[in-house]
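Colleague: below is the structure, and that's it, no one-letter string:
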């Protein structure tokens, strides 16, 4: 074959390969970025842009999920309706419940309350993310503030065997020696189960050297633990130069190495049969936030985590809260607006993660602001609003709590402002990453949201102490020795209300309540039910959410009649009384019955 023919054949074959890759990019937008950058048909093939917001809002549903019994709360009073929606004005963590009076993270909140009372045990948080939390950025601020708030001293938590961010991580002095093999999210075929960090390390001559720098107080006790996989036989390691034999048999093992006031620990690994994840440094009793950052991922990579391994973590060292903070790496092309492919791929990943750790609360934190240059100016990515809605919908569908960090940090244009006009700057001029000062601000924002959510649960629990739920779903007011029952979530005229009352039994002691009895239930700090619409505003009943069955109203008939045509109702939206037509009330009115009980009769 002459040289001209060789060139022609080579050009033809190479063009065909590029064409195939380009068609794959057009047909499968979820392909890795490496394939997306070689498209030769981008100028002649127009991809149909699908607005993620349309995909999301077309799937609005209402659910009534049960609250798991492990929360220690009475599930009969915590059944509530959820509906999807994204409110940019909201600065709180949401579980999409129509009742916003309770915590979106009930297990985590309950654990925090227990610790506040007893100062015993551990509150454990796993924080998974991309380069936005690399080097302990953001998480170091949340950790420090939570530890201070709960009266703890310090402890950096998990540190991997090796790390690309070690040179600039301020919370721990981290070095290592020896040769380490790293299996991770990017490894095609894994020989060992990888940890939440996305890594598993092995070495025959390695030493991990750590010094905790979360506090200067050298008097408090720190627990140092090795996190590792199993070995077939007992093996020898060294702890601060002293030989020690360990026998890890579980898929995931937490082995306490020492408990002392020392801030430092050196761990020697000389057997490649031992999968090593890292070392944890934490207080015996306190708050631990483990930073699991992995540069350049979207969260879909979590599909490589082994289900049984996750269940073993739940048994060996359970987390009270898992935070998932991804999104920036989905915004890699300035014109992208469709993230329906992301929804499709991430939903089963997060669902499996959550189902593998059923006693843990999950919080999905949205992407923060990210800029591209459009024309001559840097602006927020065009696709960011759609990505935000997609992330919220993923949280809603997978029954996770959600926090809108994009709007909480300031919304559209914030990253540009932080990089260009703030003095000192709060972001790098890649218009993606906040610097240390900016990350500290983001950490403070998230901390405030967590505390506000925990305090919701505390106020809720304190108020709930006034009530008991019976086996027949009546509600006992302990303080006032009254028992209540609520009718269905529908409008009752006066005749309907009295007929419902008779259906409870004439000798049962039930009666329509007086206005005074009803007003004992009014509490302006609480909310129950979904409320009713009035002049474009949603008016909810201001009462304990044990009365959620009041539903789409805030009005309840009282026993006080006004002649033969009218009667009085209490409006729990304002704690006021209203005179209404018995036959055709102009507002949705509900019915409740009450009876007095002796303290000895209380359940």
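Modeller: Right, received. Where do you want to start? Treat the numbers as computed from the prediction; the structure is a model and nothing was measured.
Colleague: nearest residue to the middle of this structure?
Modeller: residue 363 (0.4 Å; CA atoms, centre = their mean).
Colleague: list the beta-bridge partners for that one.
Modeller: residue 323, residue 401 (DSSP bridges).
Colleague: pull the contacting residues for it.
Modeller: Neighbour list for residue 363: 93, 104, 105, 321, 322, 323, 324, 400, 401, 402, 403 [criterion: CB atoms under 8 Å, 6 or more residues apart in numbering]. The way it works is simple: take the backbone N, C-alpha and C, and place the C-beta from them, glycine included.
Colleague: as TSV, those residues with neighbour count would be great.
Modeller: Below are the contacts of residue 363 laid out as TSV (neighbours: other CB atoms under 10 Å):
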residue	neighbour count
93	22
104	24
105	25
321	22
322	24
323	24
324	26
400	22
401	24
402	24
403	27
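Colleague: grab the longest helix from this protein for me.
Modeller: helix 436-464 (DSSP state H).
Colleague: looking only at pLDDT, what's the mean for the helix or strand harbouring residue 392?
Modeller: If you go by DSSP states H and E, residue 392 is part of helix 384-397. Mean pLDDT, helix 384-397: 95.
Colleague: that one packs against which elements?
Modeller: On a contact count with 3 or more CB pairs under 8 Å, 6 or more residues apart in numbering; DSSP states H and E, helix 384-397 meets helix 52-57, helix 340-356, strand 361-365, strand 401-403.
Colleague: closest to residue 179 out of the ones you listed?
Modeller: helix 340-356 (32.1 Å; CB to CB).
Colleague: test my guess that residue 200 contacts residue 194.
Modeller: Yes: using CB atoms under 8 Å, residue 200 makes contact with residue 194 at a distance of 4.7 Å.
Colleague: what do the two both touch?
Modeller: With CB under 8 Å, 6+ apart as the test, residue 200 and residue 194 both reach 183, 184.
Colleague: and the helices and strands packed on helix 384-397: which comes nearest residue 564?
Modeller: helix 52-57 (48.6 Å).
Colleague: which parts of the stretch 501-603 of the chain are helices?
Modeller: Listed in chain order, the helices of the stretch 501-603 of the chain (DSSP state H, counting those that start in this stretch) span 515-519.
Colleague: so where is it shaky, pLDDT-wise?
Modeller: 599-603 (pLDDT under 70).
Colleague: rerun that using 90 as the cut-off
Modeller: Within the stretch 501-603 of the chain, the segments meeting pLDDT under 90 span 505-508, 523-540, 544-546, 548, 597-603.
Colleague: what comes up buried for stretch 533-546?
Modeller: Neighbour-count burial for stretch 533-546 flags 539, 540, 541, 542, 543, 544, 545, 546 (criterion: 16 or more other CB atoms under 10 Å).
Colleague: among those, which lie within strands?
Modeller: 539, 540, 541 (DSSP state E).
Colleague: just checking, the second one touches residue 531?
Modeller: Yes: with contact defined as CB under 8 Å, residue 540 counts as touching residue 531 (3.5 Å).
Colleague: quick check: neighbours shared by those two?
Modeller: Joint contacts of residue 540 and residue 531 (CB under 8 Å, 6+ apart) are 554, 573.
Colleague: who's in contact with residue 252?
Modeller: 193, 195, 227, 229, 309, 312, 313, 316, 317.
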